[in-house]
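Peer 1: structure of the sequence below:
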Amino acid sequence: MIKRWLLILLLMLSCHALAQQAFEIITLRHRTVEQILPVVSPFVEQGGTITGMNDQIILRTSRKNLDEIKQLIATLDAPLRRLKVTVSNDISQESDKQDIGVSGRVRLGENAGARIKGHAYETTTTGSQHANQSIQVLEGSSGYIAVGQLLPVPLRQVTYGPGGVVVSETMIYRDIGSGFQVRPRVSGDTVTLEISPQNDTPEGRLGGANIQHLSTTVSGKLGAWMELGGSNTGGNARQRGYTSYSTKTRQDSRSVWLKVEEVK
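Peer 2: Down below sits the predicted model:
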């Protein structure tokens with residue numbers, strides 16, 4: 001008998017608690033359920049429930065908590081910012097060549113004489129390339145941009161068969177270009193980006209290429225330039241003869257910079 005009365009009392013208390021709860025469906029205008037639900041769920045009081053599907057948040061909780069959750073959702077459900085992402089690629093090259101040599105003729109005898117001719121020179125060559133690429137993307141979304149050219153590369157194949165050697169020549173095309181893939185996220189005036197830029201340039205006449213790829217996550221202020229990375233390579237060659245000596249030095253420097261601006 002006592003157990004029955006306890007059960008009835010619990011049912012009455014449950015019904016009373018449900019009667020005190022409010023139920024509402026909130027339609028999102030700018031953000032998705034996947035963006036809002038994980039942030040809001042911890043603020044729902046014990047005994048309340050929150051779910052979502054499509055562009056709607058389904059909430060059952062006390063009236064006071066409901067008002068608090070609605071205010072939080074209104075703050076989070078703000079229009080997505082439109083961002084302009086600019087990537088700058090800077091390339092500088094410098095080469096230095098030195099050459100020293102002598103030549104002459106010696107005759108023996110009473111009227112012996114000698115004629116000596118020499119040369120020495122140094123040549124320095126510098127060059128630079130600067131390229132900017134930009135794309136507009138909504139915060140939290142991914143964007144991709146790429147430009148380039150198809151570089152023809154000759155290909156020779158030699159096949160040995162029963163009939164002898166067969167040589168075939170064909171042309172393949174190598175995709176040489178520059179671009180980047182980016183995904184920005186904004187909090188206040190701070191932006192965090194996942195970005196993968198590339199900047200490939202042809203090298204030589206036989207299909208060679210300078211390859212520059214980078215993948216990183218960076219964070220900085222809106223409107224400020226941020227350095228993503230770079231490379232610095234160099235080399236030298238020497239050639240020595242009986243009457244000549246030459247050296248050649250080359251230095252290549254590459255840097256990648258990034259800026260994110262809000263488009264009003």
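Peer 1: so what sits opposite Arg60 in the bridge?
Peer 2: Under DSSP bridges, the beta-bridge partners of Arg60 are Phe23, Thr49.
Peer 1: tell me the contacts of it?
Peer 2: Gln21, Ala22, Phe23, Glu24, Gly48, Thr49, Ile50 (C-beta atoms under 8 Å, 6 or more residues apart in numbering). Any C-beta I mention is one placed from the backbone N, CA and C, and that applies to glycine too.
Peer 1: look up how far Met53 lies from it.
Peer 2: From Arg60 across to Met53, the span is 15 Å (C-beta to C-beta, to the nearest Å).
Peer 1: try Glu227
Peer 2: 43 Å.
Peer 1: show me which of the two is the more surrounded one.
Peer 2: Ranked by neighbour count (other C-beta atoms under 10 Å), Glu227 and Met53 place Glu227 first, with 12 against 9.
Peer 1: could you find the closest non-adjacent residue to that one?
Peer 2: Excluding the flanking residues, the one nearest Glu227 by C-beta to C-beta, 6 or more residues apart in numbering is Trp257, at 5.6 Å.
Peer 1: where does the one you found fall, secondary structure wise?
Peer 2: Using DSSP states H and E, the element containing Trp257 is strand 244-262.
Peer 1: quick one: buried residues of that strand?
Peer 2: Asp252, Arg254, Val256, Trp257, Leu258, Lys259, Val260, Glu261 (16 or more other C-beta atoms under 10 Å).
Peer 1: who are the packing partners of that strand?
Peer 2: Strand 244-262 makes packing contacts with strand 82-107, strand 190-199, strand 226-240 when contacts are defined by 3 or more C-beta pairs under 8 Å, 6 or more residues apart in numbering; DSSP states H and E.
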